[in-house]
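Asks: Please find the sequence and the predicted model below.
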Amino acid sequence: MPGNKCNRNASVPTTRLERLLRERELRELRKSNRTFHPNEEGSDGNRETEPYEHGLNSREGNNCKVPYDQESFDAASAVRSYSEGYERQEKRPSKQRLLVVANRLPVSAVRRGEDSWSLEISAGGLVSALLGVKEFEARWIGWAGVNVPDEVGQRALTKALAEKRCIPVFLDEEIVHQYYNGYCNNILWPLFHYLGLPQEDRLATTRSFQSQFDAYKRANQMFADVVNKHYEEGDVVWCHDYHLMFLPKCLKEYNRNMKVGWFLHTPFPSSEIHRTLPSRSDLLRAVLAADLVGFHTYDYARHFVSACTRILGLEGTPEGVEDQGKLTRVAAFPIGIDSDRFIRALELPQVQEHIKELKERFAGRKVMLGVDRLDMIKGIPQKILAFEKFLEENPDWRDKVVLLQIAVPTRTDVPEYQKLTSQVHEIVGRINGRFGTLTAVPIHHLDRSLDFHKLCALYAVTDVALVTSLRDGMNLVSYEYVACQDSKKGVLILSEFAGAAQSLGAGAILVNPWNITEVASAIGHALNMPADEREKRHHHNFLHVTTHTAQDWAETFVSELNDTIVEAQLRTRQIPPLLPVRDAVERYLQSRNRLLILGFNATLTEPVDTPGRRGGDQIKEMELKLHPDLKEPLAILCNDPRTTIVVLSGSNRRVLDDNFGEYNLWLAAENGMFLRRAKGDWMTTMPEHLNMDWVDSVKHVFEYFTERTPRSHFELRETSLVWNYKYADVEFGRLQARDLLQHLWTGPISNSAVDVVQGSRSVEVRSVGVTKGAAIDRILGEIIHSKCMVTPIDYVLCVGHFLGKGENILMGKQRIPDMSKEAWYFCPKNFAQELLNKMELLNARIDTS
Ligand SMILES: O=P(O)(O)OC[C@H]1O[C@H](O[C@H]2O[C@H](CO)[C@@H](O)[C@H](O)[C@H]2O)[C@H](O)[C@@H](O)[C@@H]1O
Ligand SMILES: O=c1ccn([C@@H]2O[C@H](COP(=O)(O)OP(=O)(O)O)[C@@H](O)[C@H]2O)c(=O)[nH]1
C-alpha cells in the first residue's frame, strides 16, 4: 500500500525515500552523540536505582514495590529527556508535539496514601514499543490502571504523572468493567484474534453487548475530552489499539483539522469475522475518521480495507479507503523494538551476574524459553503439550532440556483468563509429575513478570525460544530474544500466526501452533541444529531487528501522517469545491430561462444497497428507478415554464421512458445518441457511419464474465455494452474486471475504434464519439431550435457524471455536498455563469413546502 502515491508538488518537503535516508542519518548522528542525553541508560547511573514514588507533598523512601520493569521505566522518562537533549544538540527548531493516546499509560499507579502514589511500569508489547519512541516531544494520555473516585487522589495522581509527561483519563469501576473487561477484552480481543467466545459465554455476551458497546463509546469520548483539553494546534494525535476505535471520530467531531492517526496492535481479522460484530459498521466508520490508519502487516491492512468495501460498500484503493472524496490512508507499519537498549543491557554487570547464575543453574541442559502474557492468544497450553510430546518421543532428551515459561498475569478480572491460569497449572503439574525426577523438573513455570535485566539475561542464555501464539499482532518477545542472542545464536521457533512471522520468518522455524506434532518436531530440529545453520538464521533476523526499530516505526508513522495531511490538502484542491448552494438558489430564483441537465444513474436514482447482498434474480428488480422522494419536486420543476430539464443518461430509451414517460422534460438516452423532447418521439443524434462491428465479439466476452461472476450482469444498448458488477462481491468483481479488460484489449477491440470506460463497478465499451460531452452540443441545438427561444438561457446547471473524452465544453466543476458525485457546469458563451445543485434545489423545495 505505501509507495503508490500521487504526485507531490514542491510544497511537499521530501520524498519518502529522502525522508528515510534523512532519518537514518539523524539516527547515526544521535548514536554518536549519546552523552548529550542525560537520562539515557549508562549516562546517569543514579537512574538505575531511583525510586518511583510520587506524592503531592512528599517523596517517599525506597519502600516501593519493585516495578514490573524498572529499566523500561527509565526509558519512559527518556521520552522527555531525549527530546530535550536532542534539541540542544542539533539546534533544531522545537519538535512537533505528539499526543500518544492509548488505553494504558506506560505506568500504572498504586495508591500509597490519600495523596501519594507510586508508579510502576505497565506490562505488554504496546508499552515496550512506545517506550522506544524518543524522537518526538511526546505526551501520553491514558488510563493509569486504577480507580480514583476522589478529587484529592485525582489531583495527586495527575501531578505525579505529569512528571512523566503522562496525562490520566479517569475511568470509574463500572466503565472499566463494561468497556475494558467487557467490550475490549471479552468481545473485540477474542474476535480480532479469531478465537470464538466460549460456548457458555455466548448468550450472556450477546445479551450484554449493547450496554458494553455503549460503555465503550462513552469511554472513548472520555479519552477524547482529555485529548481536546490538552491539544494545541499543530499537534499530532496518535491513537492506539482496539480500545480506542471510536476516538478518531470523537476527535474529528471536535476539530476536523486535528491530525489524527490510529494504529492497531492486534491483528485485524478477515472481513468475514468482523462482519459478525453487531457494531461492525460503527467501528469501521469511526476509525475511518482518522487521516492515517496503520497495521503491523499488509494482511491486516488488506482485511481492514476489505471490511470497509464489503461491509460499508466503500471504495478500496491502493492508497486506502475512499468515502465521498475523502481518503483515509491505510498502510502497514511493522513495529520494532529499541534493539540497542537490549544489546547494551547485556553488558551491564548486573545482567552479566544473572547470566552467570543462570548458566550455573542449568549447566548440562539446553534451555528453552517461553515469555508470554498469560493470554489465550499466546497458545501456552499448546506449547506445553508440544513439549510433552517431544519428551515422550525423545527419551534421551528428558534430562538434557528444560522449558522455562514466564507467564505474566494479565486481565485477571476476566473469567476466561482465570480459567486459562488453572488449565495451564494443571497441564504443567501433570507433565512435571510424569517426567520430573527428585532433583529436576522439565518445566519451570512462573506466573509472574521479570524485571528487564533478568529478562535480558534469560534471553541471552536461551538455546531455543518458543513462541506459539495462536494469533498475535506482532509479538515483540521474538524480537527481543533475537536482539539478545548475538553471541549464542540460538534458534527461534515462531508461530506462523504471529505478525512477526512475516519479518522473522526467514530466520525462524515457522510452525502451526495448533499442530502439536509439528511443534514437537520443530523442537527436535532446533535442539539439533548445526552451528552454521543457526548462525545463518540468526544473522538474518538480527539484521532485521536492529534495522527496524520502534523508533523507525514511530517516525515513519508520524511523518506518513504529516504527509497524508499535505496530500489531502493537494487532493482537496483537485476535488471540485463545494457548491455555494445559497448563491446558486438565489441566482436560480432571479433567472428567467433555465436549463437543468441531469444525469440519471446515481444522480436521481434510489441508493444502491450494500454490495454483495443481492441475489441474481433481484438484479432485474434493481433496474434503475427514480428516487421516490424526487418525483413530486421533479414534476413541479418540469411544469415551470421558465425551466427546461434534460435527463442525459447512459441508459437506454426504455429505461428512461419507464421512469420519465410522464414528465414534461427532455430525455437523452445512450449518452445523448437518442433524444426525445417532452412527450414527443425519439430521434437520433447519432453520428453517421457509427461503426458497431465490434459489438458481437465484445458481447461474447461479457457473457463469459457474467457467467463466471455471480451477481454481475451486462446490458446491451444500441450504441454501447456495459458489464456491471455492482451487486457482485466487490473484490472478486474488481479482479474479474481487470481480467475482462485484458481479454478485450488483446482480442475483440484491439483494432476497433472504441472507447473503454472503466466505472467504479462497471466496464463500458462504446464507439468512439459516443460521449455525453459530444452529444450536448447537438442536444442544446435541438432544444434552442425547438423552443424558438426569445429569452436567452440565463442559467445552466448540470449534475451527473459528464466528464469524459471529448467533453470540450466543460467549463467548471462543483462537488455536490454529501454525494460522491461531481457536477460539471457548462458555460458556452451565451449561457449564464451560474450553477445550481439540482439535488439541493429539490431538497430546498421539499423543505419549504
Ligand atoms: O494492557 P493489557 O490489557 O494488560 O494488555 C497488554 C497489551 O497487549 C496487547 O499487545 C499488542 O501489542 C504489541 C505491540 O504492538 C504486539 O506485539 C502484540 O502482538 C499485541 O498483542 C494489546 O494490543 C495492548 O493494547 C495491551 O496493552
Ligand atoms: O516478565 C516480563 C515479560 C514480558 N515483558 C515484556 O512484555 C512485552 C510483551 O510484548 P509482546 O508483543 O510479545 O506481546 P503482548 O503482551 O503485547 O501481547 C515484551 O516487550 C516483554 O519484554 C516484560 O517486560 N517482563
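Replies: Alright, I've got the coordinates. Computed from a predicted structure; not experimentally measured. Ligands and ions are numbered 1, 2, ... in the order given.

Asks: Could you pull out the helices in the stretch 451-600 of the chain for me?
Replies: Here the stretch 451-600 of the chain has its helices, by DSSP state H, counting those that start in this stretch, at 452-461, 476-483, 501-504, 516-527, 531-547, 550-574, 581-590.

Asks: Identify, out of those helices, the most deeply packed stretch.
Replies: helix 476-483 (a mean of 28; mean count of other CB atoms under 10 Å). (Each C-beta comes from the backbone N, C-alpha and C, glycine too.)

Asks: Show me how the chain divides into domains.
Replies: Following the TED database, one finds the domains of the chain at 97-196+208-332, 339-548, 581-608+622-686+770-844, 694-767.

Asks: Quick one: mean pLDDT over the second one.
Replies: Along domain 339-548, the predicted confidence averages to a pLDDT of 97.

Asks: what about it, near ligand 2?
Replies: Yes - Domain 339-548 reaches ligand 2 (CB under 6 Å from any ligand atom) through Val371, Arg373, Ile406, Val408, Ser449, Leu450, Leu455, Met474, Asn475, Leu476, Val477, Glu480.

Asks: So what would you say the end-to-end distance of that domain is?
Replies: Distance between the two ends of domain 339-548: 9 Å, counting by CA to CA, to the nearest Å.

Asks: From the residues of domain 339-548 next to ligand 2, pick the one nearest Val768.
Replies: Within those, proximity to Val768 (CB to CB) peaks at Met474, which comes in at 52.7 Å.

Asks: what separates whichever residue of the stretch 501-650 of the chain sits closest to ligand 2 from Val464, distance-wise?
Replies: With CB to the nearest ligand atom, the shortest gap between the stretch 501-650 of the chain and ligand 2 falls at Ala550, namely 9.9 Å. According to CB to CB, to the nearest Å, Ala550 and Val464 sit 25 Å apart.

Asks: Is Val110 located within a strand, as I assumed?
Replies: Yes - counting by DSSP: H, G, I helix; E, B strand; the rest coil, Val110 falls inside a strand.

Asks: Report the spatially nearest residue to it, omitting neighbours in sequence.
Replies: Nearest residue to Val110, sequence neighbours excluded (CB to CB, 6 or more residues apart in numbering): Ser118, at 5.0 Å.

Asks: In this protein, where's the longest helix?
Replies: For the chain, the helix with the greatest residue count under DSSP state H is helix 199-230.

Asks: Enumerate the residues of the stretch 351-500 of the chain near ligand 1.
Replies: Residues of the stretch 351-500 of the chain lying near ligand 1 by CB under 6 Å from any ligand atom: Thr410, Arg411, Asp472, Gly473, Met474, Asn475, Leu476.

Asks: Go again with 5 Å.
Replies: Proximity of the stretch 351-500 of the chain to ligand 1 (CB under 5 Å from any ligand atom) is limited to residues Thr410, Asp472, Gly473, Met474, Asn475, Leu476.

Asks: thinking Tyr459 is in contact with Glu480, fair?
Replies: Yes - the pair Tyr459 / Glu480 is scored as a contact, 6.0 Å apart, by CB atoms under 8 Å.

Asks: Output the lowest mean pLDDT helix or strand found in this protein.
Replies: strand 53-55 (a mean of 27; mean pLDDT, DSSP states H and E).

Asks: on that earlier part again, what is the neighbour count of the residue nearest to Val110?
Replies: 21 (other CB atoms under 10 Å).

Asks: How about Lys95?
Replies: Count around Lys95 with other CB under 10 Å applied: 14.

Asks: That one and Asp235, how far apart?
Replies: From Lys95 over to Asp235 the distance is 11 Å, taken as CB to CB.

Asks: now do Val402
Replies: Applying CB to CB to Val402 and Asp235 gives a distance of 50 Å.

Asks: next one: His296
Replies: Distance, His296 to Asp235, using CB to CB: 25 Å.

Asks: separation between Gly370 and Gln590?
Replies: For Gly370 relative to Gln590 (CB to CB), the value is 78 Å.

Asks: Can you tell me which residues in this protein are near ligand 1?
Replies: 104, 124-126, 129, 241, 265-266, 335, 410, 472-476.

Asks: re the thing from before, select from the residues of the stretch 351-500 of the chain next to ligand 1 the one having the most neighbours.
Replies: Within those, most neighbours by other CB under 10 Å means Asp472, with 30 neighbours.

Asks: ok now do that one, which residues does it touch?
Replies: Neighbouring residues of Asp472 by CB atoms under 8 Å, 6 or more residues apart in numbering: His193, Pro267, Ile377, Lys378, Ser495, Phe497, Ala498, Gly499, Ala500.

Asks: surely the last one meets Ala465?
Replies: No - counting by CB under 8 Å, Ala500 sits too far from Ala465 to count as a contact (11.2 Å).

Asks: list residues touching both of the two?
Replies: Ser478.

Asks: of these two, who's got more company?
Replies: Ala500 (29 against 26).

Asks: Distance check, the more buried one against Ile335.
Replies: In terms of CB to CB, Ala500 sits 9 Å off from Ile335.

Asks: Spit out the contact partners of Arg280.
Replies: His274, Ala307, Ile311.

Asks: Only whichever of these are buried, select them in PyMOL.
Replies: Of the contacts of Arg280, the buried ones go into a single PyMOL selection, burial set by 16 or more other CB atoms under 10 Å:
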select buried, resi 274+307+311
